[in-house]
Structure formats: structure tokens, C-alpha cells
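K.L.:
Quick one, what's the 3D model for this:
(4 chains)
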4 protein chains.
Amino acid sequence: MIVVMQPGSSRAQIDAVVGRVQELGLEAHLSTGEERTIIGVVGTTPLPPTLDEMLEVFGGVEQVLRVTKKYKLSGWDFHPEKTRIPVLDFVIGGDEVVVIAGPCSVESEEQTIRTARAVRAAGARILRGGAYKPRTSPYEFRGLGKSGLEILANARAETGLAIITEVMTPADVAHVYDYTDIFQIGARNCQNYNLLEEVGRAGKPVMLKRGMSMMIEEWLLAAEYVLAQNNPHVIFCERGIRTFETQTRNTFDIAAVPVVQKLSHLPIFVDPSHAAGKRPFVGPLALAGVAAGADGLMIEVHPAPDQALSDGNQSLDFAEFEDLMPRLATVASAVGRNVLTGAPASV
Amino acid sequence: MIVVMQPGSSRAQIDAVVGRVQELGLEAHLSTGEERTIIGVVGTTPLPPTLDEMLEVFGGVEQVLRVTKKYKLSGWDFHPEKTRIPVLDFVIGGDEVVVIAGPCSVESEEQTIRTARAVRAAGARILRGGAYKPRTSPYEFRGLGKSGLEILANARAETGLAIITEVMTPADVAHVYDYTDIFQIGARNCQNYNLLEEVGRAGKPVMLKRGMSMMIEEWLLAAEYVLAQNNPHVIFCERGIRTFETQTRNTFDIAAVPVVQKLSHLPIFVDPSHAAGKRPFVGPLALAGVAAGADGLMIEVHPAPDQALSDGNQSLDFAEFEDLMPRLATVASAVGRNVLTGAPASV
Amino acid sequence: MIVVMQPGSSRAQIDAVVGRVQELGLEAHLSTGEERTIIGVVGTTPLPPTLDEMLEVFGGVEQVLRVTKKYKLSGWDFHPEKTRIPVLDFVIGGDEVVVIAGPCSVESEEQTIRTARAVRAAGARILRGGAYKPRTSPYEFRGLGKSGLEILANARAETGLAIITEVMTPADVAHVYDYTDIFQIGARNCQNYNLLEEVGRAGKPVMLKRGMSMMIEEWLLAAEYVLAQNNPHVIFCERGIRTFETQTRNTFDIAAVPVVQKLSHLPIFVDPSHAAGKRPFVGPLALAGVAAGADGLMIEVHPAPDQALSDGNQSLDFAEFEDLMPRLATVASAVGRNVLTGAPASV
Amino acid sequence: MIVVMQPGSSRAQIDAVVGRVQELGLEAHLSTGEERTIIGVVGTTPLPPTLDEMLEVFGGVEQVLRVTKKYKLSGWDFHPEKTRIPVLDFVIGGDEVVVIAGPCSVESEEQTIRTARAVRAAGARILRGGAYKPRTSPYEFRGLGKSGLEILANARAETGLAIITEVMTPADVAHVYDYTDIFQIGARNCQNYNLLEEVGRAGKPVMLKRGMSMMIEEWLLAAEYVLAQNNPHVIFCERGIRTFETQTRNTFDIAAVPVVQKLSHLPIFVDPSHAAGKRPFVGPLALAGVAAGADGLMIEVHPAPDQALSDGNQSLDFAEFEDLMPRLATVASAVGRNVLTGAPASV
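P.N.:
From the prediction side, this is the model:
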């Protein structure tokens, strides 16, 4: 860490900073220029994460510059191999692009099973479906709860698809564990740290959707909460951030794909459905996600989007999804990958 | 709700929308212009909150315009009197501006009691202090937990100040209930709906900090989660939103004060400390908040900001807080209010 | 336009709105519900563009909803065919994806000609290069001016590439006209209306880069300034918008591609270099742009990025650009298009 | 400037950076730690403003940290006294808060003179009014042009108010010069550098409105364009920035007031009308601006807002403005200032 003193800072001010640094068991290296003094802070142990905040408050300090990153376990320095996450008989984070598809909410057994069969036939390997739904208003449909989980289990048994479903609160983790292959943490809970630690302890893979206004560095730090529980299987999912533009539900930050891949060994998916918020834009964003190098996609599919209890306006129908899948595969091969579409092992 | 059809939409498309509306037990009124048809949707019961999403997905629909608001209990229509919330022997939401002050985190009994005495002497009526701290990184100081709550209770007994402290997860609500006068829900948990419902059921006043990228309408809807549990005592707190500007920690959306007051009967506070993120800007933002009509303020105060374990760079020291309070009072009287500063009853 | 009155608005308030509407030569249709009155405003001529603002200010008005779009010439309603813009012997806006490449700034004849040859050999058809550079600071390199234009003309003669270069102020339009095939309007000038009208009158194609915080509807309205001068040849270019994320220079709003294509008949390019701001991300964003359906790309290429006078950190070197072009072509064909790379006619 | 090398960067990479630094006539100081090398760059002359960009592109460089600021003339280092700008017989930037008021657009002599008299009687000292109006759509009212300037001149002669009016393009500067006391540069032209230099050369005071997505540092750099023409009289005006919130037209960044005052010696005004966009919020934001320490305000006032050709929904009528002025004065005195309201000297 580098402490830049103001021009004209006093000897006493410099000494105060140096003293505080030494109190914390760290070393301070002074570099005294004509105009100003710069203090380098070095330690054998990792620096306290709020050290910059602590030092900024001292008299005569102009700014404190952090040289090292705040995240550790999610970065390449501590884990130089790309993380590969086994799910059933396939792998997330390998060469193949994995597709998750399914309805926003589990509404009924019939709706869910029909969708599961359709997306499996088209090549998806994981079924999404919400049993517990976070809704902006308390007056909206909030999911079937436990009976929704049962329906997902039936769809899994029927089709061999893996299951991903959202968990919203620590008390539900143990129960959801029995039904899901991957825990989904929604955008609104991306910094619900008690929940992150609870799914970390549970030990199954965790998909961490990006919060609406989450900086990428904060996203990596949220992953640390899971990783620090000795659960190495975190998957990021870019689903759009909030900006001033209203033509789409969110602004799809496609650059998050190469940025995360540069900073972290963990796989990153994209969710073009929540980013777009409108059906005609889902396909182009999905294709863009694959072209940018995403490790997988999460796409909302519903048998009758105009009857959906939630997110109908961003769900593809079966024909649209079937049409999209081979196009995704063609783009994947254009960027040197392929979409995993083989028949599930259990069928 | 008003459904605007595209120019050239077909009779069948119009009929499909009308049919869906009628299926839902609502009435559809057609207004056929030369260029396009507009369908008014009316119902005796409140419209389904996602009706606009449902109808947008129909063929031939150009846009769906919502006429009525999504929130109810937090709006003036259902509650034409300003909400006044009794706390100990005073009232939040009345004519008087109430000041909350204290450290970001409870670090020790000595630090907390000293601060409580100082802020009480300067005129604050509520003590803030975090026992459970949400931190962006798992490697930062995360609060003393239960022993922190004990310290707050001692400060309360000692000074007569009311207590506000953050609760982060539903499982902690019952326990924190025993120590706090007001539950604080932090910005990161503003859409943690299970937590909102749990504090709603607990029955004590709830301060709901605005999420970093929360639209004001969403904030009112988050309040609905608490209000719908028959807990009428919600206090909003504007603490800055996330934008592109980096000179301050967040962008203080001062206009949220009059906007919320126009839309809702619930009191609104401001937190200039988290908005500013830097000590020299806390005072000007606090004064601006009072001038804009805020019902109260929440200000971070620490005996030695340069030794603080968290948020030291945005905490005032005792002298700065003592200097600020009379200036707040002068501005309050300039806008026809006054700052509540009388000695607490229990002392 | 639809004027929604507040519940309980008075007869006099309703009459005032109706009176104003009729004064403006428009018709008002009342729809009186149990709870509130809604006034439809209809006219045979286009409605005044600020009619909504005018009516919002009336007593008793809750909101004014605009049904029709503000833009005309850029929308499909007035121009149901996709706009195809001839440049030299090829077409922008047709089936083929057109690639613009070149340095941020024209720095010297040698640098420019070398780059022109390299990008032409790799398949680009248009050379970019700034002779007049808008710089955030007045102390940065601001371009060679007229001698830069001469260098571009030489590069054009030498390679047969078309030229695009930025014009910053109306007084330069006539002069730049003599050297360029396409006028570039930079992000900072996207709402410099005098400049837009001047390039509109000049009559050559105009590339309109999106402003940093420009909503897509505003972008279409900016295009109207050019189109209204009887210049039908506007090309949009998405180059990233400003958000809270700092890992990239701007946030590449890839969804702008399908959104603009849904709203407008005008071609849309993407500029992954300015969006990314960092070399390793340029390739993935370029590939994503093609996958999302962009009509063309603009990519910064420099013989020695580490010696560049501007934007070196986002410029590809020749080898990187040569490596990228065939990958763009493969993705283009995966989405049913191809990259225009044939040898220029004049060579 | 500090260049932080990646852990494991090679000797050759370090030498390349050092070599480039020396080529530029600067000194490089190496500090070799166990984990990484840090290179300090020092020079006797100011560093090139894009030096950070140049060095970031070198192999092995992790990040480049700028220690010194990019702006000079607008900062305190080069001008340790607050800038005081004489206008007619008063001063902007002194102890007194100066109020600018008037209509968005000059619509007619009668409207302008009536408004001038009313705002003068209430205490304003400067009349605003647009003769050239930048409008998002080319189909909106764009001002009376030269005849609008004549009307402003008459209002000035009649009332003794100083005049501020917008100039949109360099070619108009000489002409507008004859009529105005202060040039206004609008938010859309905040980075129209040719225009900034032209008003800089003209020599009268310049009010620089903040661009919709302008960082404060960029604003200071835009001011440098004017200051660098030996025109020291720049006034900043915060008018709201663009964010995701839609309840107000823009988000009023009130913190810009103390931030600019900390960074710069130039005066800063606020424009609550454009920030709010809605009449009921103008008053609270104006009061907040004064409480935060603004050097002045710019407020839209119109004789009949519901007949205004532009911005009617954010304009106060005469009674509202007369009611607001004494409240502004009371808040000003609460923060140790007063509102300048004495009768103009020339009347």
C-alpha cells in the first residue's frame, strides 16, 4: 500500500502515519521527494483489508493507493488452474459451454415437466426453476415453495437434467440441498453474507448472480464468502446491471465475461433473459455471450410465455429455444468451443 | 392500466388481449383511433402487480402503461396522515428533527459509552452502533456480535439514548429484539425479503436504508413487506446511491427527501456519513438534508476516527459533532422545524 | 397522448386541461372512471414534442403518458426499408459486416500509411484516424489538424480504403469534407446540434457515436438533426456508456445493437476499443458485437501501441488485428452474415 | 506517477518501462520488494497527461497510479485565493449568495420583461433566458435567436439585472458577447472544446454547467480549456447527473458543492430546476443547495408555467419564487452567509 502525503505535510504528520503502520506490525518505507513524501507500507502477512480507510483519515494524507487486490481465493494467484466443477456426469468450466434452461417459476408439475423435456431435447443439461421467488412487491407470485422443489425433483428423475434453484434465506439451505444440484443466489441476495456462508458450508456448487450495482471486484469478494467455507465451486452469472437505459430491463455487461476470466479462475455464465427483459433481444444477447467466451448460459423458457406467472415477457417459447440452440453451437465452434448437448447419462 | 396496440395490429391480436383481461376478471374498454387501438383495463379489485408484464408479451402490443401505483400501504392514498413513530419518550416523523449518532461498529465498552455520552451531551437522542457488520470482504472486521449488543444495552442504561442496530439475517431478529429500539436494515439487505418480513413480524420500528441502486418506487415496495406484517413503523434512510462519480463514496440523492415525502406518509432520514464517505463532506450534506426537509439524520461519530476498525474516514470526532449540532438546529429553524435535543426522560 | 388525472381532481381542473388541448388545435377525449378521469389527446397533425411537459404542470394532473414516439425519420414507420449507405464500391447496412480500423490519432505519415496497409491486407475497408482530437484535458495531444487530413488522403490514394475522420466544430465541416468519406461525430459532440445540422447539410454519410450517458431514444433524436437536413445516411456506433463499473473504460451496451435495429432502419456499428479501454478485452467484445448482429465494427490499430500518442492501451497491434479478422468472419458466418473483405476496387 | 509491476515481471519488462520513462526525459526510481517491483516516475516538468495510459500498455505492468492531479489552473495549488468574479456592481464567489432567475426560453418581450421585474423585486440579481436553445428533438422550440437577445438587452436596461444566456456554437460567441454579461455553456456542450476555447478568448465570465455524466475531475478539466485562454472567470453549475432514478429529471449531486470547493478556487452554483424537473421539488433542492454552501443559484421562473414553450413543469411562478427567496435568505444566514438582494446600482 502506498500513502501519498500532501505537498507541505509536516514531519509530525508523516511520523503519525509511520507510527500507526508500525503499531500494526507493518513496515513503512519513506520516499521523500522535492514536493512530497510517499510512504510504502509492506508486511509479511496480508495487510488489513481496511488499512487504506484507516490511513486516509490521518492529517496530511492526500490519498492511499492499494497495490494488492482485496480478494484472494477467487484470484489466479492462489489458484493458477481454471476451476472445473463436476455436476452429474458433466463439467462446468471446461471446454464445453453448458446451457441452463427452464421457467422463471415452477408453476405446476405439468408446466415444469413439459419444459424440462423440451429443453432437454434441444440440448440443455440443467433445468432452472424457482420454488422460492424474490419479488420486488409482496403482492406478486412468490413461488410454490416446498411443493415446487418436489416438482423439480420429479423433472430431474424424468429427464436426467441437473437442477438449479434459488435459495433466499439461510434457514432454507438445508432443505433446498436435498433437491438441487446447484444453489442459485439471486442478484438481490448477492451481498447477503449469512446466506453466502450457509451455502458455502452446504458444499454443493453455488451460482452467484451479479448484483444490480455490483462492481466486479465486489462480486469476487462475495465469492470469497463461499470459498472461505472450503467450498471451491462458485459459478458467476452476469445478468445485467442497472444503468440509465430503459430499453432493456438491465444493461448486459458483456465485458464482465473476459474481465472475470482475467481476474479469476472461476467459471462465468451469462443470463441474457434477465438482461434483456424482452423476448426479441434474448437471442442476440445469448449469441454475444457465447462469442465473448462465456462458460455457459442461463435462459428462461416457458411453454406459454403469455400465461406465465412471472417474467413471461422475457421467456422464450419452445420453438424459439429450439431455434436458438444450434445457432449458439455454431457461434461456440466459431470461437473454438462447443455447446455440451449429449444425452444425459441417467436416461 | 392502458394497453397501447401497435399501428396495424389485427383484430385477432386485440381480441387476444381483451380475452386475457376478461379471464382475469377485469374489464377491457376499447378506444379505436384512426391509427391505433388503445385498451383500458379496469377492475374493482387491485390489478395483479405483474399485469403489465403479462400483457406486454402479447402479439401486437406496443406498450403497457401503468396508471396506478404498485405500492399501497406506504402511499398517502391508504394512509392520509403522516406516520408518527413513538420511541421512548419522543416521536419520529413529527415536527422535530431527530438525530442518531454513534460509531459504525461497537468496538469496546469504553469506546461505545464514551461516544454515547458525547453524542447525548451534544443533543443526539438515538445511539447507533453495529454489533453485526456486513462487510464487502470476509476478511474485514465483522462486529462483536452478542457482546456488542450487551455493550449497547449498557450505553442505553447509562445515557437514556434509544438504540438502533443492524440485523442481518432472520435468525438474529429475536435476539436483537431484546436489545434494540429500532431495527436497522442495511443497504445490502434492502431486498432481503425474508428478513424484511421477520422484522415486520417482530413489531418494533424498522429503519430501511436505501439500496445502492434502488429506485424510490422499489424502496416503497420493500417497505410494503414490513407494513404487510401489520408493522406500521417504517423509517426510510437515504444514504447515497451508486453512480459513476467517485469523489464521494456514494451519490447523496438529496431529492429523495421531498420525493418520498410526496409519495409516502412514512418518515425519511438521511445518512450523510455513508453518502459522503469522507469527513469534510459530512457536515455540508447533513445541513443540506435538514434544509431539504429530512425528518432526521444518522451520523457516524467515533472518539478517535483514525483508530476506528471501520468507516473511520467518514466518522466525525466529538468536537466536530458538537460543532455541527447547533448549525443543524439553526438550519432546521430556518425551514420551520427544530432539532429535538432535550435531555432524555430516563436520565 | 394520455393525461391521467389524480383521483379527486376537480371538474375545473379537467376543464383547464381540455381547454389547453383545444387551444392547441387538438381533440380531447374524456374517459371518466369511478376513481379517476383519463383524457386522451388526439390530433391530425403530429403532437407538439413537449406537449407532455406542458400538460404535466396543470393542477390535478397525475401523469402524462406518451403513446407515440418522438423520433420520426429514424424510425421504421416512415422508412420501412433498411437503409443501405454506399461508400466507394461497397455498402454499409447490407448483408456484409464492414470493418473500420486504424489509429486513434494520425501521428505521422509513416505511422498512418503503415497501418492503412496492414489493416487493408487483413480485410478492413475503411481507415479511421483522428486529425482533430477531442481530449478531456487541454494539455493532451490534440491532433495534427489539416496536415493530418492530408496524410489520410495519401493513405486513401495508396490503399483504396475509404476514410472516416472526426469533425468537432461546424467551421471545420467544409474543410474536412474534402478529405473524408464519412464524417465521425464523437461521443462528446453527440448533442452538439449545430454540428449535427452542419454535417447533415454537407451531405456525406455521418457516423454518430453514442454519448456517454445517452439513452437510445435520445440517440435516435440526435440522428433526426442530420436526417432533417435531407441527409439520409446516418450510421450509429455503440462505444460504451458510463456506469459505476471501472474494470473497463466504458460499459459496452451490446443490447443497443438489437434495440436500435428494432427501432430504426439505420445501420449500427460497434466500437469495442473505446468500450473496453484495454487491449485484452477488445477481441471478445468485437466477436460479441458481430454475434449480436452489428452491421460493422470500428477497431483501433496502431503499429506500436506502446508508443501511441493517444489510446495506446486500447489499440491492437498488427498481429493482433490480423489474428482477430478471421475469427470475426467465422462468427459472422455463424450468424448468417459475412465480413466484407474483398480487395478494394481502386487497387 | 507510480508504476506497479506484476509479481513475477521480468527484468526485461522492468527495463522497457524504465527506458520509455527516460526517453521522455523523466526519472525512474526502482523499489524492489520481495514480491514485486514498483517504479516511481518523477520529472521536473509536469508529466505528460496521458503518461499513465502510455505505461499501462507495457508488458508486466499491473497498474499505473497517478499521484498528481491532471488539472492545474482550476486547482488551489496554482491559485490559493478563492476566485471572485465582478459582474456589474456585485461579485460572484464572495460571501454573498447570488441568485439567477428567469424563464427557460425568451418567448416574447412581454413575458421576459414581466419576469425580469418580478424576479428583481424578489431579490434576484441576474436574469437568465435562452435565445438559443439546445433541444433533444429537432422538432421542439429552439429559441428566438437574435431577437431573443434584443429582448434580454431591453430587460437589462429596464431592470438593471445582469444577463446570462446560453451560447451553443463558436460562430455565435461574438454576437452573443454584445448582449450578455455571462456566457452559459449548457450540459450538452460541456465537452465542446472549440466552444470552450472561443468563450475563453471572448473574455467575459463563463458558467459551465456540468454534463449529464461528467465526473467532477472532468469538469475541472473542461474549465481548464477556458482558463488556459487567460480567462480566469469560470463559474461551475451543478444541475443534476444522469442515474437510474426517474422520479426526478436528474439526480442532484449536492455533494458536488463541497467537493468542488475542496478541489477548486472557482465558485459553484446549483440549478435546482433542471435537477428536479418538477416544480414541487425545486424549493427543497434550492434550500439544500444553500445549506451545502453553494455560491449561488439558478432558478427557472415563468409568468405562467402552464403556457411555457419549454420546461414549464420545472418553472416556478412569481408567487412561488417570491415565497422561496426569504427562505433561501434564512438558510443562508444559518450557514453564515447572506443572499445578495440589494437593489441593482443602475436603477
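K.L.:
From D:Lys70, how far out is the residue most central in space within chain A?
P.N.:
Centroid-nearest residue in chain A: A:Phe236, 2.7 Å away (criterion: Cα atoms, centre = their mean). A:Phe236 is 34 Å from D:Lys70, where distance means Cβ to Cβ, to the nearest Å. Placement of C-beta: from N, CA and C, glycine included.
K.L.:
measure the closest residue to the residue nearest to the centre of chain A other than its chain neighbours to A:Ile254 for me?
P.N.:
Using Cβ to Cβ, 6 or more residues apart in numbering or on different chains and skipping residues adjacent in sequence, the residue nearest A:Phe236 is A:Ile268, 4.3 Å away. Using Cβ to Cβ, one gets 11 Å for the distance from A:Ile268 to A:Ile254.
K.L.:
again, but for A:Arg239
P.N.:
In terms of Cβ to Cβ, A:Arg239 sits 12 Å off from A:Ile254.
K.L.:
between those two, which one's more packed in?
P.N.:
Neighbours of A:Arg239 and A:Ile254, each counted by other Cβ atoms under 10 Å in any protein chain shown, are more numerous for A:Ile254; the result is 35 against 23.
K.L.:
name the element the nearest residue to A:Ser273 once chain neighbours are set aside belongs to?
P.N.:
Nearest non-adjacent residue to A:Ser273, counting by Cβ to Cβ, 6+ apart: A:Glu300, 4.0 Å away. Using DSSP states H and E, A:Glu300 sits in strand A:296-300.
K.L.:
so who does A:Arg188 touch?
P.N.:
Residues near A:Arg188 by Cβ atoms under 8 Å, 6 or more residues apart in numbering or on different chains: A:Pro134, A:Gly211, A:Met212, B:Gln191, B:Asn192, B:Tyr193.
K.L.:
hang on, the earlier thing: determine the residues that are contacts of both of A:Arg239 and A:Ile254.
P.N.:
Contacts common to A:Arg239 and A:Ile254, judged by Cβ under 8 Å, 6+ apart, are A:Val270.
K.L.:
Report how many residues lie close to the closest residue to A:Val270 other than its chain neighbours.
P.N.:
Nearest residue to A:Val270 in three dimensions, chain neighbours excluded: A:Gly289, at 3.7 Å (Cβ to Cβ, 6+ apart). Other residues near A:Gly289 come to 33 when the count uses other Cβ under 10 Å.
K.L.:
ok and the strand or helix carrying A:Gly289 relative to strand A:296-300, angle-wise?
P.N.:
According to DSSP H and E, A:Gly289 maps onto helix A:279-291. Between helix A:279-291 and strand A:296-300, the angle comes out at 170 degrees (axes from the mean of the first three to the mean of the last three Cα atoms, to 10 degrees).
K.L.:
who does helix A:279-291 touch, helix- and strand-wise?
P.N.:
With contacts taken as 3 or more Cβ pairs under 8 Å, 6 or more residues apart in numbering or on different chains; DSSP states H and E, helix A:279-291 sits against strand A:268-270, helix A:272-276, strand A:296-300, helix A:318-334, helix C:256-263, helix C:279-291.
K.L.:
returning to what we had before: which residues touch the residue nearest to A:Phe236?
P.N.:
The neighbours of A:Ile268, taking Cβ under 8 Å, 6+ apart as the test, are A:Ile235, A:Phe236, A:Cys237, A:Glu238, A:Ala256, A:Val257, A:Val260, A:Gln261, A:Ala294, A:Asp295.
K.L.:
distance of it from A:Lys82?
P.N.:
For A:Ile268, the distance to A:Lys82 - Cβ to Cβ - is 11 Å.
K.L.:
for the residue in the stretch 51-200 of chain A positioned nearest to chain C, helix, strand, or coil?
P.N.:
Relative to chain C, the nearest point of the stretch 51-200 of chain A is A:Lys69 (12.1 Å; Cβ to the nearest Cβ). Here A:Lys69 is recorded as coil under DSSP: H, G, I helix; E, B strand; the rest coil.
K.L.:
pLDDT score for it?
P.N.:
Per-residue pLDDT puts A:Lys69 at 77.
K.L.:
what do you get for A:Pro138?
P.N.:
85.
K.L.:
quick one: it and B:Met54, what's the gap?
P.N.:
18 Å.
K.L.:
Kindly report the same for A:Met5.
P.N.:
Distance from A:Met5 to B:Met54, counting by Cβ to Cβ: 61 Å.
K.L.:
ditto for A:Val335
P.N.:
37 Å.
K.L.:
Likewise for A:Ser273?
P.N.:
Distance of A:Ser273 to B:Met54, given as Cβ to Cβ: 16 Å.
K.L.:
What's the local residue count around the closest residue to chain D within the stretch 1-150 of chain A?
P.N.:
At 4.7 Å from chain D, A:Leu65 is the closest residue in the stretch 1-150 of chain A, using Cβ to the nearest Cβ. Close neighbours of A:Leu65, defined as other Cβ under 10 Å, add up to 17.
K.L.:
and A:Gly94, what does it touch?
P.N.:
A:Arg84.
K.L.:
Which pLDDT value goes with it?
P.N.:
pLDDT recorded at A:Gly94 is 95.
K.L.:
now it, what's its secondary structure?
P.N.:
Applying three-state DSSP: A:Gly94 is coil.
K.L.:
any bit of stretch A:72-83 sitting next to chain D?
P.N.:
Yes - counting by Cβ under 8 Å from any Cβ of the partner chain, contacts between stretch A:72-83 and chain D involve A:Asp77.
K.L.:
re the thing from before, these two touch, right, the residue nearest to A:Ser273 and A:Asp317?
P.N.:
No - A:Glu300 lies out of contact with A:Asp317 (Cβ atoms under 8 Å); the separation is 10.5 Å.
K.L.:
Have a look at the two and say which one is more surrounded.
P.N.:
Each of A:Glu300 and A:Asp317 has its neighbours counted (other Cβ under 10 Å); A:Glu300 has more, 30 against 17.
K.L.:
ok, now which ones touch that one?
P.N.:
Under the criterion of Cβ under 8 Å, 6+ apart, the neighbours of A:Glu300 are A:Ala101, A:Gly102, A:Pro103, A:Cys104, A:Arg128, A:Ser273, A:His274, A:Val282, A:Asp311, A:Gln314, A:Ser315, A:Leu316.
K.L.:
Output these in a markdown table; the columns should cover pLDDT, secondary structure and neighbour count.
P.N.:
Supplementary listing: the contacts of A:Glu300 in a markdown table, determined by pLDDT from 0 to 100; DSSP: H, G, I helix; E, B strand; the rest coil; neighbours: other Cβ atoms under 10 Å in any protein chain shown:
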| residue | pLDDT | secondary structure | neighbour count |
| --- | --- | --- | --- |
| A:Ala101 | 98 | strand | 29 |
| A:Gly102 | 97 | strand | 29 |
| A:Pro103 | 95 | coil | 28 |
| A:Cys104 | 94 | coil | 24 |
| A:Arg128 | 97 | strand | 28 |
| A:Ser273 | 97 | helix | 29 |
| A:His274 | 96 | helix | 25 |
| A:Val282 | 97 | helix | 26 |
| A:Asp311 | 80 | coil | 22 |
| A:Gln314 | 91 | helix | 28 |
| A:Ser315 | 94 | coil | 27 |
| A:Leu316 | 96 | strand | 23 |
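K.L.:
In the stretch 1-150 of chain A, where is pLDDT below threshold?
P.N.:
Within the stretch 1-150 of chain A, the ranges that satisfy pLDDT under 70 run A:33-34, A:44-46, A:49.
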